[in-house]
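Student: Below is the sequence, then the predicted model.
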Amino acid sequence: MTRASYRSDWIALVGITAALALVPLLLGGSGHYMRLASLTLIYMVYAVAFNVIFGHTRQLFLCVGALAGCAGYVSVVLTARYGFSPWATMPLGIACAALLGGLFSYVSVRRGLGIIFVGIVTLVFSMIFHQLVLGLRTFTNGETGIDTSALAPSLLASTPASYYAILVLLACSLLLYLLLLHSRAGTAFRAIADDELAAELAGIDVVFYKVLAATIGSTLLGAIGVVHAWYGGFISPSVYSLVSIDVVVLVSLLLGGMGTLPGPVLGAILFAVLDEIVRPLGRLNVMVYGMLMIVLVITFRRGLVDMFRRLLSSRTRRA
């Protein structure tokens, strides 16, 4: 990519971090809105991770919530049942998500599975994960869930400090994404996204780079998955369900723009606003998200970031 693109991504990263750092000051200490802002940051990290996996290597992982849930449950269950420190179990949960994501990618690439079949396989895993959590009731407490606030009351409590802790994780995720995008791996990702066969003929190790993208993305999912578990104060299968995580991430990424640095951030903010608007509809909000996803896929695949860039480019040419 060009130096101008590299510079603009750095400006976007610094601008996003600085703007989000001001949010607690603007909210004036409101507990409800601080919690909403923190959850929005969490979904931003989910979207950044999915952007690495799907936005650049076209691996449709419909198990974002399941991978994050694996990390969250490993951390919480080891703490609740065996008395380990949460800080010791978090890396184990993250490693579990990274290994599973890398394994799914390796198997799908080796078997030559297309984007639809990868989506089906990972969707099935998401269902298996949900049933497994319900079945292992002795460890997971089933649908009742586990109160994580009782295990570590001071860990990621709902305060401005926890908001900034999650913001640091988001900034690190965006920095990793930026460095990855402007490295040799980023060049390989773009070639694979454009034409996988042509990339392979050009000498790019498609298997390695797809597995790399999936492993990095799944590591980020694991990291934010354990944060989600401890920050929320409660963990259950519904926290990591397809509707709660995967649908939100897909809509956010399609809204903001796949394959861009600001896309996941902008998309998550817009989704948070939309979610507050449709909240009175209750369970019908899922229908709204489904319809929106269909419209976005058919008519608006490149997202708002790309639209803004094209508008800015056209105005620059006219000037």
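Tutor: Received the coordinates, thanks.
Student: got the CA coordinates for the helix or strand harbouring residue 46 in CSV?
Tutor: Per DSSP states H and E: residue 46 is located in helix 31-50. The C-alpha trace of helix 31-50 is given here as CSV (Å, rounded to 0.1, in the frame of the first residue of the first chain):
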residue,chain,number,x,y,z
GLY,A,31,-23.6,4.6,34.9
HIS,A,32,-26.0,3.4,32.2
TYR,A,33,-24.3,5.2,29.4
MET,A,34,-20.8,4.3,30.6
ARG,A,35,-21.8,0.6,30.5
LEU,A,36,-23.3,1.1,27.0
ALA,A,37,-20.1,2.8,25.9
SER,A,38,-17.9,0.0,27.3
LEU,A,39,-20.0,-2.7,25.6
THR,A,40,-19.7,-0.8,22.3
LEU,A,41,-15.9,-0.9,22.7
ILE,A,42,-16.1,-4.7,23.3
TYR,A,43,-18.1,-5.1,20.0
MET,A,44,-15.6,-2.9,18.2
VAL,A,45,-12.8,-5.4,19.1
TYR,A,46,-15.1,-8.3,18.0
ALA,A,47,-15.5,-6.5,14.7
VAL,A,48,-11.8,-5.8,14.3
ALA,A,49,-11.0,-9.5,14.9
PHE,A,50,-13.7,-10.6,12.4
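Student: Which strands and helices lie in contact with that helix?
Tutor: Helix 31-50 sits against helix 23-27, helix 64-82, helix 160-181, helix 206-232, helix 247-256, helix 263-278, with contacts defined as 3 or more CB pairs under 8 Å, 6 or more residues apart in numbering; DSSP states H and E. Quick note: C-beta positions are derived from backbone N, CA and C, even for glycine.
Student: what's the spacing between the third one and its chain's center?
Tutor: The chain centre lies 12 Å from the centre of helix 160-181; the measure is CA atoms, centre = their mean, to the nearest Å.
Student: following that helix, which helix or strand shows up next?
Tutor: helix 184-194.
Student: got the angle for that next one vs helix 206-232?
Tutor: 100 degrees (axes from the mean of the first three to the mean of the last three CA atoms, to 10 degrees).
Student: got the helices and strands packed on helix 31-50 as JSON lines, with mean neighbour count, distance to residue 131 and mean pLDDT columns?
Tutor: Putting those into JSON lines (neighbours: other CB atoms under 10 Å; distance: least, CB to CB, whole Å; pLDDT from 0 to 100) gives the following:
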{"stretch": "helix 23-27", "mean neighbour count": "14", "distance to residue 131": "38", "mean pLDDT": "88"}
{"stretch": "helix 64-82", "mean neighbour count": "25", "distance to residue 131": "11", "mean pLDDT": "95"}
{"stretch": "helix 160-181", "mean neighbour count": "18", "distance to residue 131": "30", "mean pLDDT": "94"}
{"stretch": "helix 206-232", "mean neighbour count": "25", "distance to residue 131": "18", "mean pLDDT": "95"}
{"stretch": "helix 247-256", "mean neighbour count": "24", "distance to residue 131": "19", "mean pLDDT": "91"}
{"stretch": "helix 263-278", "mean neighbour count": "20", "distance to residue 131": "27", "mean pLDDT": "91"}
